[in-house]
Structures are given as structure tokens and as C-alpha cells.
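[1] Any chance you can model this:
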Amino acid sequence: MYKQLQQRGMNSPPINVSTLRRMKTEAEPIACLTAYDASFAQLVDMAGTDLVLVGDSLGMVIQGQETTVPVTVDDVVYHTRIVARGLRRAFLVADLPFMSYATPEQALDNSVRLMQEGGAKMVKLEGGQSQIAVVECLARHDIPVCAHVGLKPQSVHKIGGFKVQGRDNAAAKQMTEDAKALEGAGADLMLLECVPNEVGVQISQCIGLPIIGIGAGPSVDGQILVLYDMLGITQGRTPRFVQNFTINTETTLDALQAYVSAVKDRSYPAKEHCFS
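    Model prediction:
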């Protein structure tokens, strides 16, 4: 078993969906980061990151777009393919970009591309109960799915900007119901973005999926940040939940390892990174 690991010089098997579930069960925090090219992917992997996301955030941090909306499936396939070349252990997830999963059939076609051409092990899509049919279709075809609730960047023009979600009781209740419905439809992982701590706690208590947070407080099962944000590369105003891990570190690898350690020992996110 794992003959391929011997060929790659690895002491432990790559992360998979079962690993993520075990980590949740054993209360081991899951350290996640985005990556967009092979060189950074290799460093992220060396640092001990458990999950790497090729996010449509590439539109903003790589392409210089104002939102993620202009990103295409071809863009994500390309970046996923080159990130995959730099990874050995970390689990690779790729975003389905804006309007690439409007129907179950379209979602299936584009997910197949991300996995076959890009090398992704899982696809991520934004949305609540409106995406149930899509998630069910992908699950039926054995395509692992990460559902994304809370702040949905692809909906930025509809919601009027990048805002904290779920601050009122009705919105928090709807988000919780969405999370439960997506789990029931066959999602394997949940990403929860930009919500008050209490919402993170509430959803964690209602579903059994591993939950990865970005601005969702310390009570979820793992944390993710945009690579360029936590390395202090992104210019201008950064979100409250971002910490610059290059401070007091000498190399990029040191900063990445500091991030992974902070997630694992639960010193990140701290109080100043959270929403109420």
C-alpha cells in the first residue's frame, strides 16, 4: 500500500476526505491556505498545510480584478494544474467560478475539468439551499464538494460589498438551515466566511462536516487565509481576520510554518481577528 509514497519520498500518506473527517473527530485543527502557482504551492506544502485551495480570489490577487466575478473556468483549471505540481501531501481544492455551476449539468462538466485537467481532489461552490440540486448531482457522481456559506464573494454585487453576514437572527438561522441542507445533499466540507463567532459556534453544533473558517471565529474545525494576505503582499486595507505572519520571521517558509503552528495551537484566530 502507498507504493507511490515511497517513490515520492514521503513518510505519511496525502491528506484526503477521510483524513479531514478524522481530524475533526480528534479535534485536530485543519490548517488551510490558498495558492496559485507551483513555487508557492511547494512552500505551502512543506510548511505542513493540510488543505490548499485554488480560489477564485486569484482574480483579485493575481489578475488585479476588483472582484472574483471575472474569473473563468479556464483560469482556475490553469492555476489548479500548476499548483498540483507543487503539492505532495496537502489536499487540493479548486473553486467553481462565477456562473460555472448554474445547472447540475454545467456544474458536473466543469467539475470534471477541474479534476481531470487541473488535478483537483474536490471542488468548492458558493450558495445555500439553491445549490442543493447541484451538490446532489456532484455527490451522485462521486465528486467531493466543499460548500461555501456566509459571505459569498461571487455575490458581491448583489449584497452590496464585502460585508459580515449573519449578524441578525433571521440571517443566522437561514445560514444554519443552508448548512444543514448542504450537508444532507452530500457536501463533504464546509467553508464559512466572515460571520460572527456565535454563528460559527451555532453551525458547528448543527452539522457533522468539517468546517473551515475565514473570519468565522475560533470554534470551527480549521482556518484558511489568502496566501498573499497572510504574507503581507496584499496592499491597502486588509480584512479584520487577516494576520501578517511575516512579522518576526526571516523567510517565507518560516512565515508559512508560523501560520500552520498558530492554527494548530489555536492561537490564531485571536480575539482581534473575530467578528461579534
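[2] What residues does the spatially most central residue of the chain make contact with?
    Residue closest to the mean C-alpha point of the chain, counted by C-alpha atoms, centre = their mean, is residue 53 at 5.3 Å. Neighbouring residues of residue 53 by C-beta atoms under 8 Å, 6 or more residues apart in numbering: 32-35, 93-95, 124, 224. All C-beta atoms are positioned from the backbone trio N, CA, C, and that covers glycine.
[3] What pairs with whichever strand or helix holds it, parallel or antiparallel?
    With elements delineated by DSSP states H and E, residue 53 resides in strand 51-54, which encompasses its position. Partner strands for strand 51-54, per DSSP bridges, with pairing direction: strand 30-34 (parallel), strand 91-95 (parallel).
[4] And the last one, how far out from the chain middle?
    Between the mean C-alpha location of strand 91-95 and the chain-wide mean there is a distance of 8 Å, by C-alpha atoms, centre = their mean, to the nearest Å.
[5] So what touches that strand?
    Counting by C-beta under 8 Å, 6+ apart, 14-17, 19-20, 50-56, 71, 76-77, 80, 83-84, 114, 118-125, 146, 189 sit against strand 91-95.
[6] and the residues you listed, which are buried?
    Members of the contacts of strand 91-95 that pass the buried threshold by neighbour count (16 or more other C-beta atoms under 10 Å) are listed as 14-15, 19-20, 50-56, 71, 76-77, 80, 83-84, 114, 118-125, 146, 189.
[7] In strands, which of these appear?
    The strands in this structure, assigned by DSSP state E, contain 51-54, 122-125, 146, 189 from these.
[8] ok so, going back, can you identify the element that follows the strand holding residue 53 toward the C-terminus?
    Once the chain leaves strand 51-54, the next helix or strand it forms, by DSSP H and E, is helix 58-61.
[9] hmm, back to that, how about the strands paired with strand 51-54 in a markdown table, adding mean pLDDT and distance to residue 202?
    Formatted as a markdown table, the entries for the strands paired with strand 51-54 read as follows, by pLDDT from 0 to 100; distance: least, C-beta to C-beta, whole Å:
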| stretch | mean pLDDT | distance to residue 202 |
| --- | --- | --- |
| strand 30-34 | 98 | 19 |
| strand 91-95 | 98 | 24 |
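[10] Show me the one of those that comes nearest residue 208.
    If you check each of these against residue 208 by C-beta to C-beta, strand 30-34 wins as the nearest, at 14.7 Å.
[11] What residues of the closest one count as buried?
    For strand 30-34, the buried set under the neighbour-count rule, 16+ other C-beta under 10 Å, comprises 30-34.
[12] Show me which pair in these is furthest apart.
    Maximum pairwise distance among the buried residues of strand 30-34 (C-beta to C-beta): 14.3 Å, between 30 and 34.
[13] if we can go back for a sec, of all the strands paired with strand 51-54, which lies closest to residue 212?
    strand 30-34 (5.5 Å).
[14] Need the three-state assignment for the closest residue to residue 72 other than its chain neighbours.
    Excluding its sequence neighbours, the residue lying closest to residue 72 (C-beta to C-beta, 6 or more residues apart in numbering) is residue 97, at 6.2 Å. For residue 97, the secondary-structure state derived from DSSP: H, G, I helix; E, B strand; the rest coil is coil.
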